[in-house]
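>>> coords please:
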Amino acid sequence: MKRLGWLGITSLFFISLLANATRFDSSYSSIELRHCKLLESDSMGSVQSCPAFRGITVKVIEGDLRQTINLTRKNKEYPLNLWHKISPVFSLLGTKIEWRHTKGKPEDIKGIIVRFNASEGMHESAKITSYLAVIKISANNICVIGKVAPQARQNQKARDMLDGSNNMPCF
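Alright, predicted model coming up:
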């Protein structure tokens, strides 16, 4: 069996990325409060119902100045617990969800990517780090598989992670 050199391995990696880039596409839905409906609220937080996508409903949950998302599919709710899995400090979600799906088949959802803005801690709450949370949607589960820290091509790196996530475990 012939060993692949660095050039061969690099070529295979880029061929794989190009194949995934042509296989998947994105659609978007809003999680801005003006597009959501208030379901419940108290002095500690609220629950908002935001626009669904292809039968998956979206709830934005806020509590103690932190936000997360729950997704519901076929009457089963999947709490994503972003406030534990991405960062436990004060947080604020972005304004949209990116739904990754097979190109030309938005009903064949691969997962979602959502911006998660987190304070750098209790003593530096004005300093914000803007992560991308990467959530895989499979036939039997919906779960967080990773986060992408701010960097060059952050959005593309999150897409690449999700597009190649078939064997990635939940965390």
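>>> excluding sequence neighbours, find me the nearest residue to the residue most central in space within the chain.
Nearest residue to the geometric centre of the chain (Cα atoms, centre = their mean): Ile113, 2.7 Å. If the residues on either side of it in the chain are set aside, Ile113 comes closest to Glu98, at 4.3 Å by Cβ to Cβ, 6 or more residues apart in numbering. Quick note: C-beta positions are derived from backbone N, CA and C, even for glycine.
>>> give me phi/psi at that neighbour?
Torsion angles at Glu98 (phi, psi; degrees, to the nearest 10) stand at phi -100, psi 120.
>>> hmm, it is touching Ile112, no?
Yes. Look at Glu98 against Ile112 with Cβ atoms under 8 Å: they come within range, at 6.4 Å.
>>> look at the two and report which has more neighbours.
Using other Cβ atoms under 10 Å, the more surrounded residue of Glu98 and Ile112 is Ile112, with 25 against 20.
>>> okay, now the unreliable bits of this structure?
In the predicted model of the chain, residues 1-22, 121-125 satisfy pLDDT under 70.
>>> can you give me the strands in it?
The residue ranges that make up the strands of the chain, judged by DSSP state E, are 24-30, 37-42, 45-53, 56-63, 66-73, 76-79, 91-102, 105-119, 128-137, 142-148.
>>> in JSON lines: those, plus distance to Ala158.
Formatted as JSON lines, the entries for these read as follows, by distance: least, Cβ to Cβ, whole Å:
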{"stretch": "strand 24-30", "distance to Ala158": "11"}
{"stretch": "strand 37-42", "distance to Ala158": "28"}
{"stretch": "strand 45-53", "distance to Ala158": "17"}
{"stretch": "strand 56-63", "distance to Ala158": "18"}
{"stretch": "strand 66-73", "distance to Ala158": "15"}
{"stretch": "strand 76-79", "distance to Ala158": "19"}
{"stretch": "strand 91-102", "distance to Ala158": "8"}
{"stretch": "strand 105-119", "distance to Ala158": "5"}
{"stretch": "strand 128-137", "distance to Ala158": "4"}
{"stretch": "strand 142-148", "distance to Ala158": "4"}
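>>> and of the ones you listed, who's closest to Lys85?
Each of those was scored for nearness to Lys85 using Cβ to Cβ, and the closest is strand 142-148 (4.6 Å).
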